[in-house]
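> please find the sequence and the predicted model below.
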Amino acid sequence: MTPTSYFTRLTKFQHMPSLPTPPPIETIRTQCAQALAEDLGPGGNDPSAALIPENKILHGEVICRETAVICGRPWFDEVMHQLDQDIDIDWRIDEGQHVDAGTVLCSLHGSARHLLSGERTALNFLQTLSATASQTHGYVEAIAGSGTQLLDTRKTLPGLRLAQKYAVRCGGGANHRIGLFDMIMLKENHLIASDSITQAVKRAKKQRPGMAIEIEVETLEELQQALDADVARILLDNMDLESLRTAVKLAAGRTPLEASGGVELETIRDIALTGVDYISTGAITKHVRAIDLSMRFYKR
């Protein structure tokens, strides 16, 4: 699945695949190479690991210290294998699996030098993407049975856009647009710079025929204009619950509605029960706390 297809799938109310597809391997390789360069520098140096005899072999395990949804196996593997293709990694859990505290995620066997050099970089990817998947899972569980689908936003860590959006899918959420390039989204500042919602949409359809258009509105009056403009989706920005319920009645199923702004875990179910089709929040990608993982080594 290419990145540009996600929004098309969502506007047709199709479900995301049960096994999310990771970003292209070239993207993962580049991200891992850049992360390793941060640790090893231009010359690929690790003077601490160099103190270990070159032929020393270690066995290790990665242990999850808290309940989590695990995500990031492709990045973990790539980090280790960029350092040493002969490192053996035996995963005990599946990507996207919910685990309890104390679960052994994988075992490793290989060069002590390379395992020690890759330890932190590999864990950084795994704990960050697992945090995104776990946060998403909590929000998805909160709106279970409501018929509303959770979406992410572009509020992602720089350089990890595709990685975090993949983690969102592992956690049970779905992707909004991938970037500015794959749909037209006219928000408050775009509309201020335009004559009106009607004119902005006409211009958009003329310049990019066939491209999905979403309009952000803040009032019910703006909602009516957006409904008349015939767009793919309308975003209801920071509306209270009563206004959301009224918006759902006005739309009457003509155009999918997305609620956004001030969405928290404590409030998301009430928002979902207004009848909106989607809820988008940046909290699942930017308000994340790294999952507590540890890599333990054993002599053999």
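Cool, the structure landed. What you see is a predicted model, and the numbers here were worked out from it, not measured in a lab. Residues are numbered from 1 along each chain as shown.

> how about the helices in this protein?
Using DSSP state H, the helices of the chain run over residues 6-11, 25-40, 73-83, 112-142, 161-170, 188-192, 197-207, 220-229, 241-251, 268-272, 283-286.

> most packed of those helices?
Highest mean neighbour count of those: helix 161-170, a mean of 25 (counted as mean count of other Cβ atoms under 10 Å). (Each C-beta comes from the backbone N, C-alpha and C, glycine too.)

> residues touching it, excluding its own?
When contacts are defined by Cβ atoms under 8 Å, 6 or more residues apart in numbering, helix 161-170 is touched by residues 3, 6, 16, 20-23, 27-28, 31, 69, 71-72, 75, 95-96, 125, 129-130, 132-133, 136, 152, 154, 156-157, 174-175, 178-179, 284-285.

> next one: stretch 81-90
Residues contacting stretch 81-90 (Cβ under 8 Å, 6+ apart): 29, 32-33, 36, 76-77, 80, 106-111, 114-115, 117-118.

> for that stretch, could you pull out the residues that count as buried?
In terms of neighbour count (16 or more other Cβ atoms under 10 Å), stretch 81-90 has its buried residues at 81, 82, 83, 87, 89.

> so which of the residues you listed is the closest to residue 43?
residue 83 (14.2 Å; Cβ to Cβ).

> how much space between the residue nearest to that closest one when sequence neighbours are not counted and residue 89?
Nearest residue to residue 83, sequence neighbours excluded (Cβ to Cβ, 6 or more residues apart in numbering): residue 114, at 4.3 Å. Going from residue 114 to residue 89 by Cβ to Cβ, to the nearest Å gives 12 Å.

> pLDDT score assigned to residue 129?
Each residue has a pLDDT score; the one for residue 129 is 98.

> rewinding a little: farthest-apart pair in the buried residues of stretch 81-90, please.
For those, and using Cβ to Cβ, no pair is farther apart than 82 and 89, which are 12.8 Å apart.

> one step back: who touches both of residue 114 and residue 89?
Common neighbours of residue 114 and residue 89 (Cβ under 8 Å, 6+ apart) are residue 80.

> tell me, how many residues neighbour residue 19?
By other Cβ atoms under 10 Å, 11 other residues sit near residue 19.

> same thing with the one 3 residues further on?
Neighbourhood size, residue 22 [other Cβ under 10 Å]: 20.

> go on, residue 93?
When neighbours are counted by other Cβ under 10 Å, residue 93 comes out with 16.

> can you list the buried residues in stretch 275-285?
275, 276, 277, 278, 279, 280, 281, 283, 284, 285.

> comparing the helices of the chain by mean pLDDT, which bottoms out?
helix 6-11 has the lowest average pLDDT among the helices of the chain, namely a mean of 37.

> contacts only, for the closest residue to residue 290 other than its chain neighbours.
In this structure, residue 290 finds its nearest non-sequential neighbour in residue 127, 4.2 Å apart by Cβ to Cβ, 6+ apart. Counting by Cβ under 8 Å, 6+ apart, residue 127 touches 72, 290, 291, 292, 293.
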